[in-house]
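> model this:
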Amino acid sequence: MKEKVFVMIKPDGVRRKLVGNIISRIERKGLDINRIEMRKVPEELAKKHYEEHMGKPFYDDLIEHITSGPSVLMEVEGQDAIEAVSAMVGNTDPNKALPGTIRFDYAQSKTYNIIHRSDSHQSAEREIMLFFK
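Numbers count the residues shown, from 1 in each chain. The predicted structure is shown next:
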């Protein structure tokens, strides 16, 4: 089934110049990038994006990290895109991610894990609307 997924290369991925490598992986998988934009995520938008984590011990670090520099925001589309991107990205904890995934290959910690992707149809719809009004 053809579907859309939101993907964000976080500031640590941009700072480390991994944008081209990550976009290349997405394209080589046969997925289309419908929209792409590089911009710094404002604090208010970051808080809306991560509202389900509010009150958790890592919430403030998450907001601080995501607003620390520019991110690359993408709407990606293709066959089973949510599942395909999830498999490509890997576990949130790079120490638990499978070899060959983006997080295994590039992430330095759970906080600095390079990339965000929607994990469901509902979150994809919500995140695409939040970042690409």
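> Where in this protein is the helix or strand with the lowest mean pLDDT?
Ranking every helix and strand in the chain by mean pLDDT, DSSP states H and E puts helix 59-66 at the bottom, with a mean of 95.
> other SSEs contacting that one?
Secondary-structure packing of helix 59-66 (3 or more CB pairs under 8 Å, 6 or more residues apart in numbering; DSSP states H and E): helix 11-15, helix 43-49. C-beta here means a position set from N, CA and C on the backbone, and glycine is covered the same way.
> what mean pLDDT does the first one have?
Read that as helix 11-15. Mean pLDDT, helix 11-15: 98.
> for this structure, what spans make up the strands?
2-9, 32-40, 70-79, 115-117 (DSSP state E).
> who's in contact with the shortest one?
Spelled out, that is strand 115-117. Strand 115-117 has contacts (CB atoms under 8 Å, 6 or more residues apart in numbering) with 5-10, 13, 22, 82, 85-86, 89, 102-103, 107.
> strands paired with that strand, and their directions?
Paired strands of strand 115-117, with direction, are strand 2-9 (antiparallel) (DSSP bridges).
> Which positions in the strand it pairs with come out as buried?
Using 16 or more other CB atoms under 10 Å as the test for burial, strand 2-9 gives 3, 4, 5, 6, 7, 8, 9.
> Closest to residue 54 out of the residues you listed?
residue 8 (18.6 Å; CB to CB).
> Could I get the pLDDT score of the closest one?
98.
> Can you read off the pLDDT for the nearest residue to it once chain neighbours are set aside?
Leaving out its chain neighbours, the residue that sits closest to residue 8 by CB to CB, 6 or more residues apart in numbering is residue 116, at 4.3 Å. Listed pLDDT for residue 116 reads 97.
> ok, residue 116 to residue 89 distance?
Distance from residue 116 to residue 89, counting by CB to CB, to the nearest Å: 8 Å.
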